[in-house]
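Enquirer: return a 3D structure for these sequence lines:
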Amino acid sequence: MVNGTRVVVTGTGAITSLGHTTRETWESLKAGRSGVRRIQAFDPAGSPSQVASEVVDFKPESRLDRKEARRMSRFVQFAMVAAREALDESGLEITEKNRDDVGVLVGSAIGGLEHIEAAHSILLERGPSRVSPFTVPMMIGDMAAGQISIAIGARGPNYSIASACASGAHAIGEAFETIRRGDATAMVAGASESTITPLALAAFCAIRAVTTRPGEPSTSSRPFDLERDGFIMGEGAGILVLEELESARRRGAPILAEVVGYAATADASHITAPDPVGAGAARAMKRTLEKARVVPSDISYINAHGTATQLGDVAETLAVKDIFGEAAYKVPISSTKSMLGHLLGAAGAVEGVICVKAIQEGVAPPTINLEHPDPQCDLDYIKEGARELPITLALSNSFGFGGHNASLLFKQFRG
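Expert: So this is what the prediction gives:
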């Protein structure tokens, strides 16, 4: 590690069910809008769950080269669009002089599942000779990072992370550490996911992870609510441009926030369920705060993992109480998955973007649909609409199947 290296955020990009840009997504979140609707990508009739948080009206050929777009999975298309938005805001130009020092780290929990499903159908119906030669590059999870690197000419560290629903947070955290140890001066980092497919829906229904709640789709995602019964599948991408501070200053880049802490831990407990008392999550938060040299009472806002599963919401609440003590009841917390659904591998990346916007504007987005608070989830979950407050330190939590935990800490930039 290069001692004293500070890492800042100079650009953000997002595409979600609430908008095709960071601004559109953020404005909808502040307004408490839900992106959940009946599935449009295919007919979900017969499935116990028939709703999702889909990106609608997305025309990749209007944002990307038509020929190249046809050779990209939907999750890669999302990542490319979000990366371009983040780079445009950052103003970072990749040149022959700096290209070896700019890297790309974009995660995905699952990758191009729709192409695996389609290729398997072709294999069974038409034989192996009819399987497309583009199947492999369209299904593998590292291709978002690879395609972005190719498009912008970045030749620094380039890889992907797959750690289930912690992928996006791990990607941002590892990109942060890459800059701190001197292996890059800038990193395009985040995650992308698009797995609202018949197989994925059936699989998540089979393990009873998703909601089967009847009624209005927009009320389906209910983090911390007594009537919650599972998460809503979502899709989209979140990308940050992370940059070494002095590099950003030299080129007059906009500095949106600073990354000051990151930690990763494991539950070592169960393949899908969290540690019952959130011990692994608590360790991730504790180490993040220790690395940043702050105490729990310094935290202004927590963007919770908050998936609306029975076990997960309680475990996270217990973890916050464990680390924050009495301060747990004073820190504002929200689950933006109540509006966006659960973007799986991309969740932590989009929530990183949200934390940056919250710091910039001094607004914490709400947790919607929290109508019947669970007595075991008794913290301040911002249930009455967006809240204006000074946010100097925002903590973002992400936890994934397999017991993966990651916490990120963003800070208001002060020169």
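
Enquirer: next SSE downstream of the worst-scoring helix or strand of the chain on mean pLDDT?
Expert: Between all helices and strands in the chain, the lowest mean by mean pLDDT, DSSP states H and E belongs to helix 66-70, at a mean of 91. With elements assigned by DSSP states H and E, the helix or strand that comes after helix 66-70 is helix 74-90.

Enquirer: can you give me how far that next one is from the chain middle?
Expert: Taking C-alpha atoms, centre = their mean, to the nearest Å, one finds helix 74-90 lying 14 Å from the centre of the chain it belongs to.

Enquirer: could you do stretch 407-414 as well?
Expert: Relative to the centre of its chain, stretch 407-414 is centred 16 Å away, using C-alpha atoms, centre = their mean.

Enquirer: if we can go back for a sec, what are the buried residues along the least confident helix or strand of the chain?
Expert: 68-69 (16 or more other C-beta atoms under 10 Å). The way it works is simple: take the backbone N, C-alpha and C, and place the C-beta from them, glycine included.

Enquirer: what does it contact?
Expert: Residues from elsewhere that reach helix 66-70, judged by C-beta atoms under 8 Å, 6 or more residues apart in numbering: 60-61, 77.

Enquirer: and for stretch 264-274?
Expert: By C-beta under 8 Å, 6+ apart, the list of residues contacting stretch 264-274 reads 166, 170, 173, 207, 209, 275-276, 279-281, 283-284, 287, 311-312, 315-316, 399, 401-406.

Enquirer: show me just the buried residues among those.
Expert: Buried among the contacts of stretch 264-274 (16+ other C-beta under 10 Å): 166, 170, 173, 209, 275, 279-281, 283-284, 287, 312, 315-316, 399, 401-406.

Enquirer: among those residues, which are in helices?
Expert: 170, 173, 279-281, 283-284, 287, 312, 315-316 (DSSP state H).

Enquirer: can you put the residues you listed in a markdown table and add distance to residue 81 and pLDDT?
Expert: Listed next are these as a markdown table, based on distance: C-beta to C-beta, whole Å; pLDDT from 0 to 100:
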| residue | distance to residue 81 | pLDDT |
| --- | --- | --- |
| 170 | 22 | 98 |
| 173 | 23 | 98 |
| 279 | 38 | 97 |
| 280 | 33 | 97 |
| 281 | 31 | 98 |
| 283 | 35 | 98 |
| 284 | 30 | 98 |
| 287 | 34 | 98 |
| 312 | 30 | 98 |
| 315 | 34 | 98 |
| 316 | 31 | 98 |
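
Enquirer: now distance to residue 138 too, for the residues you listed, in JSON lines please.
Expert: What follows is these, written out as JSON lines (distance: C-beta to C-beta, whole Å):
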{"residue": "170", "distance to residue 138": "23"}
{"residue": "173", "distance to residue 138": "27"}
{"residue": "279", "distance to residue 138": "39"}
{"residue": "280", "distance to residue 138": "34"}
{"residue": "281", "distance to residue 138": "34"}
{"residue": "283", "distance to residue 138": "37"}
{"residue": "284", "distance to residue 138": "33"}
{"residue": "287", "distance to residue 138": "37"}
{"residue": "312", "distance to residue 138": "32"}
{"residue": "315", "distance to residue 138": "36"}
{"residue": "316", "distance to residue 138": "35"}
